[in-house]
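1. structure, please.
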Amino acid sequence: MKKLASLINFNYIAYFLIIVFVIVFVILSFGRHDALKSYGNDLGFYNQAVWNTAYGHFFQYSSGMNNETNLLTTRFSLILLFFVPFYWIIATPKWLLLFQALSVGASAIPVYLIAKDKLKSEKLGLVFLLSYLFYPVLHNGLLYDFHEVVFAVAFAAWAFYFMEKKNDKGFIICCILIALSQEYLALIVIMLGLYQAYVKKRWKFGLIVSVTAIFYFVFLTGYLMPQISKAGEHGMLSNKKFSYYGWLGSSLPEIVKTLVTRPGYIYENLATFSRAQYLFHLVLPVFSLGAFSWPVVITFPILALYFLSMTPMTYTIYFYHGVILAPFIYFSAIYTFERWFEGNNFLRYSFAGLVIIFSVGSAMVLGLSPLGIYNKTSDYVSTDHARLISQIEKMIPGSASLSAQHNLSPHFSGREKIYAFPVMRESADYILVDTFDPYADNGHQLTSFGYAIQMDINEWKAEIEKVNEDKNYEKIYDNDGWLLFERIK
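-> Here you go, the predicted structure:
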């Protein structure tokens with residue numbers, strides 16, 4: 001048996017598993033999009049912002065949930081410029097989904113390398129790699145549209161790896177890429193710098209990184225983004241209905257004042273079961289080992305930002321926010337495993353078994369992939385009804401403005417003007433809705449048709465009826481629940 005084990009190349013197995021992971025989630029994310037289960041918010045407006053940038057309208061978008069017209073007011077994500085050349089080849093949101101899956105796959109490599117090196121065992125390295133690839137946080141993030149916070153996970157994982165290997169050039173490049181991915185991810189860079197200073201005892205280098213990241217974060221959120229915004233403030237605050245932090249104040253200075261002067265009020269609102277449950281879900285797959293070593297501290301500012309949000313989606317495992325935390329939870333778990341079980345093979349392999357069991361179990365109970373007990377492969381397969389969209393695409397000129405249902409928007413957002421129905425219902429060149437429920441065959445899914453259209457179903461029906469009665473519009477397509485209206489010129 002030992003001779004057989006010596007012949008196995010665990011590195012090849014590791015990279016093969018990562019490749020399989022990427023292929024599976026590219027297929028699933030493409031399938032979900034083709035099955036009309038991606039959304040205008042968020043895949044649609046990322047697609048539109050990249051498309052507009054590729055064709056001369058720098059980060060312009062019209063399909064957001066606030067009154068802003070430039071994506072940089074709500075998400076300062078210059079990393080999206082990476083996708084522009086690909087849109088010159090073919091303009092499709094599938095580029096975003098493809099590279100997002102590649103990034104998550106790439107983030108698994110440092111997890112495997114650090115586990116293998118720290119634990120001095122390729123087999124245990126493979127255990128942590130498998131656990132990471134089964135991590136439901138990654139699955140759920142990949143299967144909920146595209147987000148730059150998910151795309152940035154490879155930069156975060158490799159930054160930590162380069163820090164461990166004292167590769168300053170690689171570390172700095174990754175930190176820059178993290179900061180360019182979204183403004184609040186500069187908090188990760190701040191913590192990486194502090195980690196360099198305090199844990200690695202590289203005080204000068206670490207503090208330079210942290211201070212630079214602090215100035216960058218303050219400059220973007222306190223000055224540049226408000227300057228770009230039509231409302232004169234950060235885009236996430238300009239629309240009070242959708243402001244994550246409206247309960248803390250109506251401006252950044254008010255929010256800071258509340259945080260400093262009202263700790264009891266903050267604690268009263270944050271001490272909830274759902275937030276505690278989120279922490280438990282984050283560390284459950286690694287048998288809670290991820291909570292007991294220094295790398296987990298890097299996640300604290302991001303966790304604080306998520307917990308301070310008034311929307312529960314930032315502190316639940318079923319959305320995408322936790323993906324950026326994943327590598328640091330796993331690095332912490334690896335370090336804890338090394339410290340607690342060094343020299344005791346019985347405990348090492350017993351806990352390795354528990355990690356695998358809890359990882360697979362978590363993927364089944366908490367994951368949204370077909371591994372999940374409430375999901376199936378058919379949830380990610382296009383239908384004959386969904387494929388009718390190819391006929392409709394030919395009927396709507398690319399230069400026309402369009403008001404489209406939330407879950408249809410990503411398929412048509414490669415245009416200068418697109419709106420979330422019923423926005424611009426009275427003036428858009430075309431209006432597109434689909435009365436077919438893509439979730440009807442599996443009522444156990446987390447999302448529903450009501451979530452897909454992002455409005456009350458009865459209100460949605462009433463808005464469709466208004467279009468039917470509007471003499472300024474002509475119905476030009478009515479087939480299998482699809483309704484396309486053209487404005488009469």
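
2. drop to CA atoms for contacts and neighbour counts, all remaining ones
-> Will do.

3. low-confidence stretches in the stretch 101-250 of the chain?
-> Residue ranges of the stretch 101-250 of the chain with pLDDT under 70: 234-243.

4. quick one, helices of it?
-> Under the criterion DSSP state H, counting those that start in this stretch, helices of the stretch 101-250 of the chain are mapped to 122-134, 136-142, 148-151, 153-164, 168-181, 186-198, 203-219, 225-228, 235-238.

5. so which of those helices is the most packed in?
-> Burial of those is given as mean neighbour count (mean count of other Cα atoms under 10 Å); helix 136-142 ranks first at a mean of 28.

6. please compute how far it lies from its chain's middle.
-> Chain-centre distance of helix 136-142: 8 Å, with Cα atoms, centre = their mean, to the nearest Å.

7. so which elements touch it?
-> Contacts defined by 3 or more Cα pairs under 8 Å, 6 or more residues apart in numbering; DSSP states H and E place helix 136-142 against helix 10-34, helix 94-119, helix 345-366.

8. about what we covered before: and of the helices of the stretch 101-250 of the chain, who's closest to S288?
-> Between S288 and the helices of the stretch 101-250 of the chain, the tightest spacing by Cα to Cα is seen for helix 122-134, at 12.6 Å.

9. nearest to F449, of the helices of the stretch 101-250 of the chain?
-> Nearest to F449, of all those, is helix 136-142, at 18.4 Å by Cα to Cα.

10. pick the most buried one from the helices and strands packed on helix 136-142.
-> Ranked by mean neighbour count under mean count of other Cα under 10 Å, the helices and strands packed on helix 136-142 are led by helix 94-119, which reaches a mean of 22.

11. what's the closest of the helices of the stretch 101-250 of the chain to T299?
-> Nearest of these to T299, taken as Cα to Cα: helix 186-198 at 7.1 Å.

12. reformat the helices of the stretch 101-250 of the chain as CSV; add distance to A304.
-> Converted to CSV, those look like this (distance: least, Cα to Cα, whole Å):
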stretch, distance to A304
helix 122-134, 23
helix 136-142, 18
helix 148-151, 16
helix 153-164, 18
helix 168-181, 18
helix 186-198, 11
helix 203-219, 16
helix 225-228, 21
helix 235-238, 17
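
13. can I get the helices and strands packed on helix 136-142 in a markdown table with distance to A428?
-> Below are those laid out as a markdown table (distance: least, Cα to Cα, whole Å):
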| stretch | distance to A428 |
| --- | --- |
| helix 10-34 | 24 |
| helix 94-119 | 26 |
| helix 345-366 | 41 |
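
14. who wins for proximity to Y335 among those helices?
-> That would be, of these and by Cα to Cα, helix 94-119, which comes in at 7.4 Å.

15. which pLDDT value does the model give the closest residue to M424 other than its chain neighbours?
-> Nearest non-adjacent residue to M424, counting by Cα to Cα, 6 or more residues apart in numbering: S403, 6.3 Å away. At S403, the pLDDT value in this model is 96.

16. tell me which residues are up against the host helix or strand of S403.
-> Assigned by DSSP states H and E, S403 falls within strand 402-404. Contacts of strand 402-404 with the rest of the structure, by Cα atoms under 8 Å, 6 or more residues apart in numbering, involve 417-425, 428-433.

17. and the next element down the chain from that strand?
-> strand 418-420.

18. now do the buried residues in that following strand.
-> Neighbour-count burial for strand 418-420 flags I418, Y419, A420 (criterion: 16 or more other Cα atoms under 10 Å).

19. now the residues you listed in a markdown table, with pLDDT and distance to A186?
-> Shown next, in a markdown table, are the buried residues of strand 418-420 (pLDDT from 0 to 100; distance: Cα to Cα, whole Å):
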| residue | pLDDT | distance to A186 |
| --- | --- | --- |
| I418 | 95 | 31 |
| Y419 | 94 | 31 |
| A420 | 92 | 31 |
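
20. between the residues you listed, which is closest to F58?
-> For the buried residues of strand 418-420, the minimum distance to F58 (Cα to Cα) is 15.9 Å, reached by I418.
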